[in-house]
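Novice: following is a predicted model, sequence given first.
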Amino acid sequence: MAEYLADYEEQRLLASILSGRCPKCTIPAYRPPPQPQASVPLEQLNSDDAVTTIRQLQSTIAHLQAQIKSQRKRKRNSGKAPWSNTTIDDDDASNPFEDHPNHTVRDAYDAKYIRETFRDNPLELKKRGYHHTRPFTERHIHSDIYESLAPDLLHQVDKCFYDYVHGWIISAIAAESRVSVDKAKGEIDARFSNLPPYPKLRAFRHGISSTTRWTGNEYKNMLRVYLGVVRSLLSEDSTRLVRLYLDIHRLSHYTSHTDSTVRMLEDAVSEFTRLRNDPQGPLRSLGIIAHNWYCPKIHYFQHYAQWISKKGALPYCSTDRSEAWHQPIKASFRASNKGPQAVEFILRDEDRRLSWMVWEAGLGGDQIPTVEDEDQAASEPDDHAEKPTDMEKLGESVDFCTPRRWPGSREMSVVEEEENLTDFVAQSMRCLRWIHDGRRANARRRGEDLDINERGRIEIYGYLALRICYPTVHDREVMIKEVIRSTQSWSYGQNTDWKKSRFDTVLIRYQAIEGGHQMASRWVARVLLFFRVLLVIRCTNSHMFSCFKLSCKTNQAGCTRLGRRLDLTS
């Protein structure tokens, strides 16, 4: 039942295995294919170089003949693996490699037997992927370090996307669009820098290539919007590869699982591996990766489902839970001279910190001074969520922000012409009549709405932003404050010389009927104009409506109410 939290380098040292090997199974280490070298005619070589070259060729021919003979022997005497058309021998790293979860699982008994058997033969021991050093768990009964080593989401599924998949995507974009890698990287950076701000999202104002310090929050925030950023630049297969990785990332971060979610995770890993190594896939066909490529961190995905079934959810054993304890050590190292005395300085600083904690433990609760941890406060994401102290004072609200889009008021038809808003007058009048008639579903356009002499002059006030305050789904006491902007001039990245238009998007629910998916009865709309209208509709009982509306660009032209705030005076 034990779980040992460590990254890959620490895990291979604890398991006493070679670099490039999996701590959980006996999959052979990946070896890149040799690069072709320019051949030199033998007559141009001196006698010593010619003899060396001939011996190398003879050794290569003998090795290939031995391989052919061994494969023929195994084909006659052994069966086929159930998952492949070829025989896989995990003890022979020269055999064809296939990334799958059915390799022989490592355990303490077999590892101990192999070390004792090949104690005097380091080459055979290395061939099987073990060091001669023994893990510390061999001194403890009923303990198995290979069973205890836990998956590490931070350095595996989080970090590997930027280290590997992002590089593949850049190469795929460059190859498919026939541009240089620098241009593809610059296009992605430009798209990230143009993303509008949103609560709980990290703003990459200078792109992602210029980010020097990556944390778990940065990786997750990048993955939240990555597919939308690169979707139009990729082919269908490349987009599917990214989507499968995002499925793995999302499912592996579940804090609770059912049998169906575990199967979904297992299927996503299997399909991602198949598409990655497919000769006709987006990576192999473009020559981005070699045949049967893999790295131990990405191969670790194959063991996620088995670990969840045995020991529970993966976020509880990831090293991001202990990364915060590294910050004091890193701060002490940055404060030192980074020379030979750095270790002594770190230990002395840790001693002072421990002495301070012991002194505080002897004080009363009201005597302990409160010191704000600036490093921790700087590392926390700005999610625009805060705990209210007075729920009556900080409640749900929808208000316009200052300044206005234009001074004073303007007639509705003038705004339609100047802002180039198609059917703005007709749809606005339809919305107003829908409100007046009791919000019935059969509100329709009228011909007299387009004639200013028939409907009268309607003055509206334009605004640049709308401030919304609403509670979160899981905790009604946690309020989220969000500002939606619609302006022709916005400074991106605090750069006054770079001004562009900014029209934020909102999620519009146009029917109360829930469908079979999350986007049922919902539209994603771009806000083109915030406005407020004061008018009198002549009918049997005259009323004055002061309502908040926004003009949206959707797949159907029209106006959509953002909230139900309505001031009604007789």
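Specialist: The structure has been received and is ready for your questions.
Novice: leaving out the residues flanking it, which one is nearest to Leu286?
Specialist: Of all residues not flanking Leu286 in the chain, Ala175 sits nearest, at 4.7 Å (CB to CB, 6 or more residues apart in numbering). Heads up, the C-betas are built off the backbone N, CA and C, glycines and all.
Novice: please parse this structure into its domains.
Specialist: 8-148, 154-321, 397-569 (automatic domain parsing).
Novice: gap between the spatially most central residue of the chain and Glu323?
Specialist: Centroid-nearest residue in the chain: Leu223, 2.2 Å away (criterion: CA atoms, centre = their mean). Separation of Leu223 from Glu323 (CB to CB, to the nearest Å): 18 Å.
Novice: Phe424 too?
Specialist: Distance, Phe424 to Glu323, using CB to CB: 52 Å.
Novice: got it, and Arg404?
Specialist: For Arg404, the distance to Glu323 equals 47 Å [CB to CB].
Novice: and for Asn277?
Specialist: 32 Å.
Novice: higher neighbour count, the two?
Specialist: The residue with more neighbours, out of Asn277 and Glu323, is Asn277; 19 against 15, by other CB atoms under 10 Å.
Novice: so which elements touch the strand or helix carrying Val506?
Specialist: According to DSSP states H and E, Val506 maps onto strand 505-509. Here strand 505-509 touches strand 522-537, strand 543-553, going by 3 or more CB pairs under 8 Å, 6 or more residues apart in numbering; DSSP states H and E.
Novice: neighbouring strands - and their directions - for that strand?
Specialist: With DSSP bridges as the test, strand 505-509 is paired with strand 522-537 (antiparallel).
Novice: mean confidence score for the partner strand?
Specialist: Over the span of strand 522-537, the pLDDT mean works out to 79.
Novice: now stretch 208-224
Specialist: Mean pLDDT, computed over stretch 208-224, is 86.
Novice: ends of that stretch, how far apart?
Specialist: Counting by CA to CA, to the nearest Å, you get 13 Å between the two ends of stretch 208-224.
Novice: ok so, going back, what residues of the strand holding Val506 count as buried?
Specialist: Across strand 505-509, burial judged by 16 or more other CB atoms under 10 Å covers 506, 508.
Novice: dump that strand to PDB, keeping only the CA atoms.
Specialist: Extracted C-alpha coordinates of strand 505-509, given in PDB (Å, rounded to 0.1, in the frame of the first residue of the first chain):
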ATOM      1  CA  THR A 505     -16.700  36.100 -26.200                       C
ATOM      2  CA  VAL A 506     -19.600  34.900 -24.000                       C
ATOM      3  CA  LEU A 507     -21.600  31.700 -23.600                       C
ATOM      4  CA  ILE A 508     -25.300  32.300 -24.500                       C
ATOM      5  CA  ARG A 509     -28.000  30.000 -23.300                       C
END
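Novice: would you turn the domains of the chain into TSV with distance to Ala2?
Specialist: Shown next, in TSV, are the domains of the chain (distance: least, CB to CB, whole Å):
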stretch	distance to Ala2
domain 8-148	4
domain 154-321	9
domain 397-569	32
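Novice: tell me which of the ones you listed sits most buried.
Specialist: Each of the domains of the chain was scored by mean neighbour count; the highest is domain 154-321, a mean of 17, by mean count of other CB atoms under 10 Å.
Novice: distance from the chain centre to it, please.
Specialist: Relative to its parent chain, domain 154-321 has a centroid offset of 6 Å by CA atoms, centre = their mean, to the nearest Å.
Novice: what is the mean pLDDT for the strand holding Val506?
Specialist: Mean predicted lDDT for strand 505-509 stands at 81.
Novice: adjust the sequence numbering to begin at 32 for everything that follows.
Specialist: With 32 as the first residue, the last one maps to strand 536-540.
Novice: low pLDDT regions in the stretch 132-281 of the chain?
Specialist: Applying pLDDT under 70 to the stretch 132-281 of the chain picks out residues 230.
Novice: this protein: strands as residue ranges?
Specialist: 416-417, 428-431, 441-442, 490-494, 496-502, 510-522, 530-534, 536-540, 553-568, 574-584, 589-591, 597-600 (DSSP state E).
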